[in-house]
Each structure stands twice: as C-alpha cells, then as structure tokens.
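Asks: give me coordinates for this.
(one chain, ligands or ions: 1)
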Amino acid sequence: MNLWDKLAGIFGREEEMPQGIADHVLLAYPVMIELIQKSFPIMKHVRVLDFGCGNGRLCKKLHAVGCRVTGLDTSEEMIRTAGKGLPSGVNLVAGPIEKIEKEKFDVIISSLVFQFIREIDVTIRQLDRLLKPTGLFVLSAFNPPFVSNLLKEKMTFRDFDSREFPRVGTMALAESDSVPVFIREPEEYSNFFVERGYKKLLEAYPPFTEEYLEKHPVPFPVQDPEFLILGFQKN
Ligand SMILES: C[S@@+](CC[C@H](N)C(=O)[O-])C[C@H]1O[C@@H](n2cnc3c(N)ncnc32)[C@H](O)[C@@H]1O
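Replies: Numbers count the residues shown, from 1 in each chain. Here you go, the predicted model:
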C-alpha cells in the first residue's frame, strides 16, 4: 500500500479546512495560480497537469479559473477521493507519469510533491517531455529556513542531517507514519530547469500574514515563510 493512500481521508472534505491544509491552499495556491493567469490571458485554452494532485484541491481551483485540468498522483486512494469532489471536466490519472502518453500541457504545476522525491532529475526530465515549448512549470516546496525552525523546536521533522541546513530527513504524517523528505535550496531546483534551457520567472515566499494567523492559528514558528514557490518558462 502506498503510504499516501492512508492520508487521503485526513486531508478533509472541501468544505472543511483542516490545519495543515489551510496554509498551502490559502498562502501558496494563490501565488501559483496568479503566475499562470499572468502568463496566459485566456485561461480556457490552458491545459494544466497537476503533478501529485493529492485529493484534488488545486485541480478544483484551476478548473474554477477556466483551465483544462489533468491531475496525476501515484496514490490510487488520493485519486479516488479526488474523483468524488471534482467536476467531471477534470481528468484524473492514478499512477506514474508514464501513464500520460500523448497529451502535452501548457502548464505543469506541482504543490508540495518534489520534496518527497529523491531523484528529481528523472522526474523533471519526464515532465519536461509533457510540457509544450514556452510552457510554464510552477512548483512549491518547503522553504529550508522554515524546516530549520521546526527542527529546533522538535516539531514535525525528524532525523535530519543538520538543523541549520537541513537536507535529508523524515516528516511525520499520521500518528506513526513518516516519509522521507528532501529539502532543497531554490538554486538547486533552479539549476535543474536552467540547465534545460528554462527561464526563471518567479521565486516567491508567501508570508504568514496577521490576517491568516488570526483565522488559522498555528503551533509552530512563523518568522520564516513555510513555502518556496518557483516558476519557470520552457524555451
Ligand atoms: C503533500 S501531498 C500534496 C498533494 C497536493 N498537491 C496538494 O497540494 O494538496 C503529496 C502528494 O504527492 C504524491 N506523490 C508523491 N510522490 C509522487 C510521484 N513520484 N508521482 C506522483 N505523485 C506523487 C502523493 O501521493 C501525495 O498525494
């Protein structure tokens, strides 16, 4: 069983906003979607692949702004849960990237997935084949200083090689489960894309705002933004 299968339920239903979800939905998604809107004036022609779509929250938002969305995830249970809450126009694929053979996309978007992949070189190469020329690649991942702060407080992250400059460790997910995590500096991600001829369009760190924290208080340190968001344009 894929470990993420077990977590499909804890991500909650659309009308709920469980702690641990609100942050990426309310802080990171808008920045990622705004970059797509800036790059493509007419959204209804934009084909988007949401790589590692989980239970489909981002797919739903992309569909709502007019995109033609495909969500892919290796967890069958995540895809099953996504299928229950998404409009029928959203195409869902359970399995590895190779399952998509012919379709090409204007945008590949990926929220909090690359940090769970050890060999991103292989993954980026596979996704690059599915992206049209001049297409957009947008990703979010944990911001290294945020992880460092939580390690100092002994929260969420464990078994890291360093607390100051964390790179490889684990992250607690459910009660007794944890997954390997690979924390990368923005330059490390950027190099993979720039080497393939992509142009960097965005490096953003959406902060925890007072307004956000009032509605969604969090138990962890918030002096550093949680997410790093990067956007690249293919040649
Ligand atoms: C933290 S969840 C994020 C889900 C979703 N993107 C979101 O923003 O809510 C990570 C997701 O990545 C998926 N995943 C992990 N490795 C993957 C891979 N190699 N290919 C596709 N999906 C993957 C997991 O199954 C899980 O659904």
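
Asks: give me every residue that touches the closest residue to the ligand within the chain.
Replies: Proximity to the ligand, evaluated over the chain using CB to the nearest ligand atom, is greatest for residue 54 at 2.6 Å. To be clear about C-beta, it is placed using only N, CA and C from the backbone, and glycine gets the same treatment. Residues near residue 54 by CB atoms under 8 Å, 6 or more residues apart in numbering: 4, 8, 11, 73, 75, 78, 82, 111.

Asks: now name the helix or strand holding it.
Replies: Per DSSP states H and E: residue 54 is located in neither a helix nor a strand.

Asks: give me phi/psi at it?
Replies: When read as degrees, to the nearest 10, the backbone of residue 54 gives phi 60, psi -140.

Asks: enumerate the residues of this structure near the ligand.
Replies: 4, 24, 52-54, 57-58, 73-75, 78, 111-113, 116-117 (CB under 6 Å from any ligand atom).

Asks: residue ranges of the strands in this protein, please?
Replies: 47-51, 68-73, 91-94, 105-111, 131-142, 157-158, 168-172, 178-182, 199-204, 227-233 (DSSP state E).

Asks: any idea how far the third one is from the middle of the chain?
Replies: Distance, stretch centre to chain centre, for strand 91-94: 16 Å (CA atoms, centre = their mean, to the nearest Å).

Asks: mind checking the pLDDT average for that strand?
Replies: The average pLDDT for strand 91-94 rounds to 98.

Asks: ok, the longest one next?
Replies: Within the predicted structure, the mean pLDDT of strand 131-142 is 98.

Asks: in PDB, list the C-alpha atoms belonging to the helix or strand bottoming out on mean pLDDT in the chain.
Replies: Among the helical and strand segments of the chain, the one scoring lowest on mean pLDDT, DSSP states H and E is helix 3-7, with a mean of 79. Taking Å, rounded to 0.1, in the frame of the first residue of the first chain, the C-alpha atoms of helix 3-7 are listed here in PDB:
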ATOM      1  CA  LEU A   3       1.600   5.500   2.300                       C
ATOM      2  CA  TRP A   4      -0.200   8.500   0.800                       C
ATOM      3  CA  ASP A   5      -3.300   6.200   0.400                       C
ATOM      4  CA  LYS A   6      -3.700   6.300   4.100                       C
ATOM      5  CA  LEU A   7      -3.700  10.100   4.200                       C
END
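
Asks: for it, what is the distance to the chain centroid?
Replies: On CA atoms, centre = their mean, the centre of helix 3-7 falls 16 Å from the chain's centre.
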